[in-house]
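Asker: A predicted structure for the sequence below; I have some questions about it.
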Amino acid sequence: MKKILLFLLVIAASCGVKEQSAKPNLTVSIYPQKFFVEKIIGDFADVDVLIPPGASPATYELLPSQMKALSQSKAWFRIGHIPFEHSWYDKIKQASSDLKIYDTSLNADLVAGQKIDHGDHVHVGGVDPHIWMSPKEVKKIAKLTYDGLVELFPERKETFMKNHEAFQQEIDEVDRKIVEKFKEIENRKFLIFHPSFTYLARDYDLEQITIEVHGKDPSPKYMSELIDMAKANKLKAIFIQKEFDKANAEQIAKEIGAQVIQLDPLTENWSKQMLVVADKIVEVSK
């Protein structure tokens, strides 16, 4: 009898553990957003990222397994304007009719111009999508993320509020450190393959010069102009994101005696990566 009772207690305990470990699922588009969500929600939920490391936010195509996982997710937090989101929005919505969708770019001070044809994709309305590369914009992203999480889990509002306030302070600290680092900059121009640092340049009075022309490889004429410009401005480095081919960047770097520096704006640890980017820009400006 004692053995039977002990067995039943073990079964009950194991069921309790399983129930407690079951977490709601949330989905984000890019890895920096996973960082944002988890700063606010802690370990309360599992956060899936649609675009894997090294993949292009312009051309990535969802796997069937990801579509299936989305059907079990409570919400999708969009970053806002990356081409992947526009091309897959209708399919995701149709496949997951109960999925709540939050656009975290709604309050962004967007950099926009004419419609930009990137060859294999188009930036809708000419909007530069890289808003997560600005601490000022991330503060707005964090607030919209917090609002969405409170809507999904109102019973945890107090915890989310404390976490959100702490994250806002962390963003302010990142901003403060970047301002301090950029006081050392001697040359405020920098070369980059794809214009990922548009908002960073805008907010900290830098000038981003891109190798890509409307999403296409540079023509021989433009390559020649870039080389002359880089030599005249004594630019010592070319930044490139890890999802891009380095061939053109390396060709220009060889001509001007510069180094190619690979950075990853899509890495998960946003706070650390922003400071790494700032340090590299300062380093090559001297």
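Answerer: On my side now, so go ahead.
Asker: so where's this structure uncertain?
Answerer: Along the chain, the model assigns pLDDT under 70 to residues 1-21, 113-125.
Asker: what ranges do the helices span in it?
Answerer: In the chain, the helices defined using DSSP state H lie at 2-21, 31-41, 64-70, 83-95, 135-152, 157-182, 198-203, 220-232, 247-256, 270-285.
Asker: with just CA atoms, put the last one into PDB.
Answerer: What it means is helix 270-285. The C-alpha coordinates for helix 270-285 follow below in PDB (Å, rounded to 0.1, in the frame of the first residue of the first chain):
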ATOM      1  CA  TRP A 270      21.900  44.300 -28.600                       C
ATOM      2  CA  SER A 271      23.500  46.300 -25.800                       C
ATOM      3  CA  LYS A 272      26.900  44.700 -26.300                       C
ATOM      4  CA  GLN A 273      26.800  44.800 -30.100                       C
ATOM      5  CA  MET A 274      26.000  48.500 -30.200                       C
ATOM      6  CA  LEU A 275      29.100  49.300 -28.100                       C
ATOM      7  CA  VAL A 276      31.200  47.000 -30.300                       C
ATOM      8  CA  VAL A 277      30.000  48.900 -33.400                       C
ATOM      9  CA  ALA A 278      30.800  52.300 -31.700                       C
ATOM     10  CA  ASP A 279      34.200  51.100 -30.700                       C
ATOM     11  CA  LYS A 280      35.000  50.000 -34.200                       C
ATOM     12  CA  ILE A 281      33.900  53.200 -35.800                       C
ATOM     13  CA  VAL A 282      36.000  55.200 -33.300                       C
ATOM     14  CA  GLU A 283      39.000  52.900 -33.900                       C
ATOM     15  CA  VAL A 284      39.000  53.300 -37.700                       C
ATOM     16  CA  SER A 285      38.400  57.100 -37.500                       C
END
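Asker: what's the offset of that helix from the middle of its chain?
Answerer: 16 Å (C-alpha atoms, centre = their mean, to the nearest Å).
Asker: now that helix and helix 31-41, what's the angle there?
Answerer: Angle, helix 270-285 to helix 31-41, by axes from the mean of the first three to the mean of the last three C-alpha atoms, to 10 degrees: 130 degrees.
Asker: contact partners of helix 270-285?
Answerer: 32, 35-36, 132-133, 135, 138, 170-171, 174, 177-178, 181-182, 184-188, 190, 197, 200, 206, 235-237, 239, 259, 261, 263-265, 267 (C-beta atoms under 8 Å, 6 or more residues apart in numbering). All C-beta spots, glycine's among them, are computed from the backbone N, C-alpha and C.
Asker: got the angle between that helix and helix 157-182?
Answerer: Using the same axes, to 10 degrees, helix 270-285 lies at 10 degrees relative to helix 157-182.
Asker: ok, now which ones touch residue 55?
Answerer: Residues counted as contacts of residue 55 (C-beta under 8 Å, 6+ apart) are residue 243.
Asker: for residue 165, see how far away it is.
Answerer: From residue 55 across to residue 165, the span is 33 Å (C-beta to C-beta, to the nearest Å).
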